[in-house]
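> let's see this in three dimensions:
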Amino acid sequence: MTDRLSARLSARDVLALVADPSSFTELPHRERESAPDGPLGWQGYDGSRLRAAERTGEEESVVCGTATVGGTRAVLIAFEFGYLGGSLGERTGDRLEGAYEHARGHRLPVVPLIATGGSRMQEGMLALTQLQRVARQSALTREAGLPQIAVLRDPTTGGGWATLGAGADVILALPGAQVGFAGSRVRPPDADPAAYTAEAQVAAGAADAVVAPRELRGTLGRWLRLLTRTSDAPAPVPAALGDTDLPATGWDAVRRARSPERPRAADYLDAYFTDRVTVSGDRCGGTDPEGMLCGFGEHEGRTVAYAAQTGTATRPAGYRTAARLIRLADRLGIPVLTLVDTPGAANDAEAERQGAGAAIADVFSAVAAARTPVTTLVIGEGGSGGALALAAPDNTWATPDSYFSVIAPELAAAILKRPASQVETTADQLRIRPQDLAELGVARTRERRLPGGDA
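Numbers count the residues shown, from 1 in each chain. Here you go, the predicted structure:
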């Protein structure tokens, strides 16, 4: 079976794909009385529903229940696309509301498995207003601190995408799935079909990852396990992986931090976590995969969220993704680890057009407002406000091969109208070494853990 055909599976088949079938328990639902041919008296509507039920074996376009996915109990909402295109009507809204209420009442995460063309035309505006009900239930579930992980099947369009899908905390998609607010029959005739795909949504930062059907159960299980383990204890500080001795001068600290041989964010994440999953995209049309790594991982049996700079100039989308990650971790009660390593925020014209200042402010705000503990380790360059935005005010550490500065020494010398020969002297005056930061009370030094002892 191809990945594309798997995306077209029935609701029951999709449930069996992601969960242990023997663990599934369908939720009871309230069946409202319906006037002949629905609330609008749409001629032939009752016949359409009857034929859809006979064809699919379902009485509505969603099947809701609880099941175990990779060891974690969750509320699953599976759309049946064969029932009137998986469209949302009043009875669909009743079932969705009941599913979310059950999730909150039993403290369970919610996993919508979406395949829908949007709101049901035969019920007019009453169908469209079901999106408000869904949005309300999603918001209440978010406030309750419960994760929502959406799986986008083929197709996911209209209000289903704009509420259950795009409104989820984590968004996974099946390969080749049609995903977009506009369905195939209502787009401009010259619209590029490639823009309305799961892959395009991931590239645009609107979804986190494309997952093959054969990997979906395992991937969902990992996400659910990680997002449902809360802790109010700070994330432990990672051990330094590079130099063990502190730099003699400010310029020595700069040279070490800029060395291509120095350990980078990926090295620290690999050493710190036994398992991790990735959050991608700022939900505003951008990604920064080269500059910011975000996600959740397992460290010594606990879940820790991470936002890690990679040594490049961080783009606005990278800051917005980090802010999204920190706020999600805060809401779920998961401690955060940030790794600082950037020469500074990207300052080219495109970065300004993308809202660099607002994006950096968003991270400052997310860190400042976080109730969950934030731990920071400076592992390389700490360049000005673009680095400080990620730093925890009272729990920042620095490795021996790092520095933190109000501005790069070269730029400081230029601003002071000093010749290039005085850059190294300027670096010393700025007091940017790890031990200088400790003396100033800005950070604590984190040296390499040696065999037989700790730092």
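> could you find the closest non-adjacent residue to the residue nearest to the spatial centre of the chain?
In the chain, the centroid-proximal residue (CA atoms, centre = their mean) is residue 279; its distance is 3.6 Å. Residue nearest to residue 279 in three dimensions, not counting chain neighbours: residue 294, with 4.4 Å by CB to CB, 6 or more residues apart in numbering. Every residue, glycine included, has its C-beta placed from N, CA and C.
> what about the one you found, which helix or strand?
According to DSSP states H and E, residue 294 maps onto strand 292-299.
> what lines up beside that strand in the sheet?
Using DSSP bridges, strand 292-299 pairs in its sheet with strand 275-279 (antiparallel), strand 302-309 (antiparallel).
> let me know how buried residue 159 is, in neighbour terms.
Counted with other CB atoms under 10 Å, residues neighbouring residue 159 total 23.
> and the pLDDT at it?
At residue 159, the model reports a pLDDT of 92.
> check the secondary structure at it for me.
helix (DSSP: H, G, I helix; E, B strand; the rest coil).
> what does residue 334 give?
Under three-state DSSP, the three-state class of residue 334 is coil.
> next one: it from residue 266, what distance?
Going from residue 334 to residue 266 by CB to CB, to the nearest Å gives 21 Å.
> which of those two has more neighbours?
Set residue 334 next to residue 266 and count neighbours by other CB under 10 Å: residue 334 wins out with 25 against 12.
> can you pull the contacts of that one?
For residue 334, the contact set (CB atoms under 8 Å, 6 or more residues apart in numbering) comprises 227, 229-231, 296, 303-305, 372.
> among those, name the buried ones.
Buried members of the contacts of residue 334, counted by 16 or more other CB atoms under 10 Å: 227, 229, 296, 303-305, 372.
> dump the strands paired with strand 292-299 into CSV; add mean pLDDT as well.
Output for the strands paired with strand 292-299, formatted as CSV (pLDDT from 0 to 100):
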stretch, mean pLDDT
strand 275-279, 97
strand 302-309, 98
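> output these in TSV; the columns should cover distance to residue 215.
Below are the strands paired with strand 292-299 laid out as TSV (distance: least, CB to CB, whole Å):
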stretch	distance to residue 215
strand 275-279	12
strand 302-309	21
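> residue 72: which of the ones you listed is closest?
Nearest of the strands paired with strand 292-299 to residue 72, taken as CB to CB: strand 302-309 at 12.1 Å.
> secondary structure element holding residue 319?
Using DSSP H and E, the element containing residue 319 is helix 316-332.
> between that helix and strand 302-309, how big is the angle?
Put simply, helix 316-332 runs at 160 degrees to strand 302-309, going by axes from the mean of the first three to the mean of the last three CA atoms, to 10 degrees.
> let's have the chain start at 23 instead
Happy to do that; since the first residue is 23 now, the last one works out to helix 338-354.
> ok but residue 209 is inside a strand, no?
No: applying three-state DSSP, one finds residue 209 to be coil, outside a strand.
> which residues touch it?
202, 218.
> let me know the pLDDT of it.
pLDDT recorded at residue 209 is 82.
> tell me which residues touch the closest residue to residue 71 other than its chain neighbours, please.
Using CB to CB, 6+ apart and skipping the chain neighbours, the partner closest in space to residue 71 is residue 106 (7.2 Å). Applying CB under 8 Å, 6+ apart, we find residue 106 in contact with 70-71, 74, 83, 142.
> coming back round to it: what's near enough to touch the residue nearest to the centre of the chain?
So residue 301 contacts 192, 230, 316-318, 343, 346-347, 350 (CB under 8 Å, 6+ apart).
> I'd like the distance between residue 436 and residue 444.
On the measure of CB to CB, residue 436 and residue 444 end up 10 Å apart.
> swap that for residue 287, sorry
Taking CB to CB, one finds residue 287 at 32 Å from residue 444.
> which pLDDT value goes with residue 294?
So residue 294 comes in at 98 (pLDDT).
> number of residues surrounding it?
Neighbours around residue 294, by other CB under 10 Å: 24.
> same check on residue 119?
If you count neighbours by other CB under 10 Å, residue 119 ends up with 18.
> rewinding a little: for residue 212, find the nearest of the strands paired with strand 314-321.
strand 297-301 (33.8 Å).
> in the closest one, what counts as buried?
298-299, 301.
> low-confidence ranges in the stretch 173-322 of the chain?
For the stretch 173-322 of the chain, no stretch has pLDDT under 70.
> 90 instead?
203-217, 265-266 (pLDDT under 90).
> quick one, helices of it?
Assigned by DSSP state H, counting those that start in this stretch, the helices in the stretch 173-322 of the chain fall at 180-182, 220-225, 235-249, 272-280, 287-294.
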